[in-house]
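**Student:** The sequence and its predicted three-dimensional model are supplied below.
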Amino acid sequence: MGQDLALEARNKAGDYFRRGFNCAESIFLAFRELVAPELDAGLVKMFTGFGGGLGHAGCVCGALNAAVFMTGVFTGRTDAREDREPGYNAAREFHDLFVERFDGTCCRTLNPYPYDTPEHLKNCIKITGNTGKLLMEYLIKKGLVRQE
């Protein structure tokens with residue numbers, strides 16, 4: 001069942017990207033829909049600037065940024081007296097999985113094509129969908145998301 005949910009996350013993230021959302025927005029919308037419906041869909045606007053490695057700066061991949069945000073939904077804290085290590089650990093662990101899978105974190109390295117060209121969009125949809133799959137696998141493995 002977990003693999004089904006991971007594939008659904010991949011497909012939903014890819015579908016949002018195909019509909020015109022950027023990589024970060026797509027990860028947020030897919031995971032909000034699948035595992036965090038309590039989050040307001042309007043929060044998607046907070047993810048817009050992460051696309052293109054921080055507004056086409058080519059830095060940290062927007063899909064990775066959004067994925068780390070989603071780990072925080074499950075491991076973050078709401079009070080400064082709470083332990084921050086669970087959130088830090090989840091962010092680092094997912095970062096390391098991402099690097100292992102994609103061999104880097106930098107948008108311009110992951111996707112060397114000029115922004116918004118057909119080649120760039122084709123590569124980006126693969127990265128976005130596969131980041132969604134990787135994130136869901138991680139959340140399930142860590143027991144942060146229930147398999148239904």
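**Tutor:** Received it, and whenever you're ready, just let me know what you need. Numbers count the residues shown, from 1 in each chain.
**Student:** From here on, just use CA atoms for contacts and neighbour counts.
**Tutor:** Will do.
**Student:** Quick check: residue 114 touching residue 120?
**Tutor:** Yes. The pair residue 114 and residue 120 qualifies as a contact (C-alpha atoms under 8 Å) at a distance of 6.3 Å.
**Student:** between the two, which one's more packed in?
**Tutor:** The neighbour count for residue 114 versus residue 120, taken as other C-alpha atoms under 10 Å, is higher for residue 120 (15 against 11).
**Student:** hey, where'd the strands end up in the chain?
**Tutor:** Counting by DSSP state E, the chain has no strands at all.
**Student:** Just give me the longest helix of the protein.
**Tutor:** Secondary structure of the chain per DSSP state H: the longest helix is helix 118-141.
**Student:** Tell me how far that one lies from the chain's centre.
**Tutor:** For helix 118-141, the gap between its own C-alpha mean and the chain's C-alpha mean amounts to 7 Å (C-alpha atoms, centre = their mean, to the nearest Å).
**Student:** what's the answer for stretch 3-20, then?
**Tutor:** On the basis of C-alpha atoms, centre = their mean, stretch 3-20 sits 11 Å off its chain's mean C-alpha point.
**Student:** Contacts for that stretch next, please.
**Tutor:** Residues from elsewhere that reach stretch 3-20, judged by C-alpha atoms under 8 Å, 6 or more residues apart in numbering: 23, 25-27, 29-31, 34, 125-126, 128-137, 147.
**Student:** and what of stretch 120-130?
**Tutor:** Taking C-alpha under 8 Å, 6+ apart as the rule, stretch 120-130 contacts 9-14, 17-18, 23-24, 26-27, 63, 111-115.
**Student:** That one - what's its average pLDDT?
**Tutor:** Stretch 120-130 comes out with an average pLDDT of 97.
**Student:** for stretch 57-71, same thing?
**Tutor:** The model assigns stretch 57-71 a mean pLDDT of 96.
**Student:** So which bits of it are buried?
**Tutor:** Neighbour-count burial for stretch 57-71, counted by 16 or more other C-alpha atoms under 10 Å, picks out 58-71.
**Student:** Quick one: neighbours of residue 44, just the number.
**Tutor:** Neighbours around residue 44, by other C-alpha under 10 Å: 17.
**Student:** same deal with residue 100?
**Tutor:** As a burial measure, residue 100 scores 11 neighbours (other C-alpha under 10 Å).
**Student:** Residue 25 against residue 44, yeah?
**Tutor:** Yes. At 5.7 Å, residue 25 and residue 44 qualify as touching, with contact defined as C-alpha under 8 Å.
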